[in-house]
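K.L.:
coordinates for the following, if possible.
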Amino acid sequence: MGTPEHHEQSEDCLSLTITTPGVNGARPVLVWFHGGAWVSGAGNWKCYGGHRLAREGDVVVVAVNYRLGMLGYLRSPGVSEGNLGLADQLAALQWVRDNIAAFGGDPDVVTIAGQSAGAHTVQCLMGMPKARGLFRRAIVQSSPAGLGLGNSRAARRAANRFRRYLDGTPQTAPASAILTAQSKVASTSAGRLQLNIATGVTPVPGAGPLPDEVGWLAEANSRAPGLDVIIGTTAREMAAFYALNPGLQRLRRIPLVGPAAANGVERVVGAAVFDRPGRRLGRQLSRAGARVWMYRFDYAAAASPFGACHCIELPFLFGTDADWAKAPMLAGADPKDLDTLGRRVRAAWLGFIRTGAPPSDLKWPQHTAATPTVYHWDV
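P.N.:
Numbering: from 1, shown residues only. Predicted coordinates:
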């Protein structure tokens, strides 16, 4: 993604960043959940600024900070049942319902959106009974939907490792010790070849506000007829994770077969974690009565080592060109292409936020079980 500006890490993290064109009136509202594998990121990073969306679409943009890592997702008996970060995100939506009118927003026209771990949050909220009535539309950008709602066994294993590595107890250890132990958990979970991107720090079904899989599916299907949804991925989701992986770099150096084999690993994992599960989610919601639009982001900057990787669509939506200028995934990008494609992408998201459908001039067909269509984004 690039290197965001420095922010002091703090447990005092339950905050919102609100960007509004004005406090009078009742504008559509976009609530944004950032990604970061449930362990990093912040809604108040400049690169997630909602100024262009607010200005170009006359909407209110709300970016959410929530508890991350073991502070937000530790599942350990006697300490936490897990999903505290999800509880924070639910509380943010409840706050928006009760207070956004004071910032010029319409609490009855709320779209929730997220990317990566934030997209997984959106996925969870669509089947969370306590979130019923808090939003009308949803945008799911590169959700690791292959993880399902999470993995209780992996969360338990990560918690055991965390307790073993932690100097002190979760209730008394300083935040620095918690972060150190958490980092060791991530390194161990990645495996000898560092190919596993699932650390066990994740939501888990049946804990806190998140129902189990059966309850989630029943709720999601029940709410689907009143829901508009955009779901999408990028062409090379895993490139950002695997392009610099030492094991795959060694594999690429094997004459003749190495590059193809490494690319094959990247494609197979990307399809299993992001692409195929995302399409299944689209089919399931469509069959249940939701209006669904699917996309794939194919744009790749000329000199980027990552191609159309995880996060590549974010510079076209949030922040400014200057905020993303040093992002390696945009190396060699033509500024005119960034401007032209950015205006098209923002117009599509804004049209959806305002009306529940992308603008008609895009000719982006609705995705149904009978006619499964995917819109491709490129210059």
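K.L.:
would you map the strands across the chain?
P.N.:
Taking DSSP state E, the strands of the chain run over residues 16-19, 27-33, 60-64, 105-115, 137-141, 228-234, 291-297, 374-377.
K.L.:
mind exporting the second one as CSV, just the C-alpha atoms?
P.N.:
Backbone C-alpha positions of strand 27-33 (Å, rounded to 0.1, in the frame of the first residue of the first chain) are rendered in CSV as follows:
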residue,chain,number,x,y,z
ARG,A,27,-27.0,13.5,2.9
PRO,A,28,-26.3,9.8,2.2
VAL,A,29,-23.7,8.4,4.5
LEU,A,30,-20.7,6.1,3.8
VAL,A,31,-19.2,4.3,6.8
TRP,A,32,-15.7,3.0,6.0
PHE,A,33,-14.0,0.1,7.8
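K.L.:
tell me, what residue is most central in this structure?
P.N.:
Gln115 (2.1 Å; Cα atoms, centre = their mean).
K.L.:
tell me how many other residues surround the residue lying closest to that one once chain neighbours are set aside.
P.N.:
In space, and not counting its chain neighbours, Gln115 is closest to Gln141: 4.0 Å by Cβ to Cβ, 6 or more residues apart in numbering. Where you see a C-beta, it was placed from the backbone N, CA and C, and this is true even at glycine. As a burial measure, Gln141 scores 27 neighbours (other Cβ atoms under 10 Å).
K.L.:
that older thread, my guess is the residue nearest to the centre of the chain meets Pro144, correct?
P.N.:
No. Between Gln115 and Pro144 there is no contact, the gap being 10.7 Å when judged by Cβ atoms under 8 Å.
K.L.:
could you export the strands of the chain as TSV, including mean pLDDT and distance to Trp349?
P.N.:
TSV is the format used below for the strands of the chain (pLDDT from 0 to 100; distance: least, Cβ to Cβ, whole Å):
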stretch	mean pLDDT	distance to Trp349
strand 16-19	97	14
strand 27-33	98	8
strand 60-64	98	11
strand 105-115	98	8
strand 137-141	98	7
strand 228-234	98	8
strand 291-297	98	11
strand 374-377	97	11
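K.L.:
distance to Ala92 added to those strands, as CSV?
P.N.:
Output for the strands of the chain, formatted as CSV (distance: least, Cβ to Cβ, whole Å):
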stretch, distance to Ala92
strand 16-19, 6
strand 27-33, 7
strand 60-64, 5
strand 105-115, 10
strand 137-141, 15
strand 228-234, 20
strand 291-297, 25
strand 374-377, 28
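K.L.:
His51 is nearest to which of those strands?
P.N.:
strand 16-19 (5.8 Å; Cβ to Cβ).
K.L.:
I would like the residues contacting that closest one, please.
P.N.:
Strand 16-19 is contacted from outside by 43-44, 48-51, 53-54, 60-65, 92, 95, 103, using Cβ atoms under 8 Å, 6 or more residues apart in numbering.
K.L.:
next: stretch 365-379.
P.N.:
231, 279, 282-283, 286-287, 291-299, 313, 334, 337, 340-341, 344-345, 357-358, 362, 364.
K.L.:
which pLDDT value goes with Asp361?
P.N.:
Looking at Asp361, its pLDDT reads 94.
K.L.:
no no, Arg156
P.N.:
At Arg156, pLDDT is 89.
K.L.:
please name the nearest non-neighbouring residue to it.
P.N.:
Arg156's closest residue in space is Arg75 (Cβ to Cβ, 6+ apart), at 6.4 Å.
K.L.:
ok, which of the strands of the chain comes nearest Leu251?
P.N.:
Per Cβ to Cβ, nearest to Leu251 of the strands of the chain: strand 228-234, 22.3 Å.
K.L.:
what pairs with the closest one, and is each one parallel or antiparallel?
P.N.:
Using DSSP bridges, strand 228-234 pairs in its sheet with strand 137-141 (parallel), strand 291-297 (parallel).
K.L.:
need those in TSV (columns: distance to Met70).
P.N.:
What follows is the strands paired with strand 228-234, written out as TSV (distance: least, Cβ to Cβ, whole Å):
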stretch	distance to Met70
strand 137-141	25
strand 291-297	32
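K.L.:
deepest-packed of the ones you listed, please.
P.N.:
strand 137-141 (a mean of 26; mean count of other Cβ atoms under 10 Å).
K.L.:
tilt between that strand and strand 105-115?
P.N.:
Computed by axes from the mean of the first three to the mean of the last three Cα atoms, to 10 degrees, the angle separating strand 137-141 from strand 105-115 equals 20 degrees.
K.L.:
CA atoms only: put stretch 51-68 into PDB for me.
P.N.:
What follows is stretch 51-68, C-alpha atoms only, in PDB (Å, rounded to 0.1, in the frame of the first residue of the first chain):
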ATOM      1  CA  HIS A  51     -12.600  14.500   1.100                       C
ATOM      2  CA  ARG A  52     -12.900  13.700  -2.600                       C
ATOM      3  CA  LEU A  53     -15.900  11.500  -2.100                       C
ATOM      4  CA  ALA A  54     -17.600  14.000   0.100                       C
ATOM      5  CA  ARG A  55     -16.900  16.900  -2.300                       C
ATOM      6  CA  GLU A  56     -17.700  15.100  -5.600                       C
ATOM      7  CA  GLY A  57     -20.800  13.300  -4.300                       C
ATOM      8  CA  ASP A  58     -22.200  15.500  -1.500                       C
ATOM      9  CA  VAL A  59     -22.100  12.600   0.900                       C
ATOM     10  CA  VAL A  60     -20.900  12.300   4.500                       C
ATOM     11  CA  VAL A  61     -18.000   9.900   5.000                       C
ATOM     12  CA  VAL A  62     -17.400   8.300   8.400                       C
ATOM     13  CA  ALA A  63     -14.100   6.300   8.900                       C
ATOM     14  CA  VAL A  64     -14.000   4.000  12.000                       C
ATOM     15  CA  ASN A  65     -11.200   3.200  14.300                       C
ATOM     16  CA  TYR A  66     -11.600   0.000  16.400                       C
ATOM     17  CA  ARG A  67      -9.600  -2.300  18.600                       C
ATOM     18  CA  LEU A  68      -7.100  -4.400  16.700                       C
END
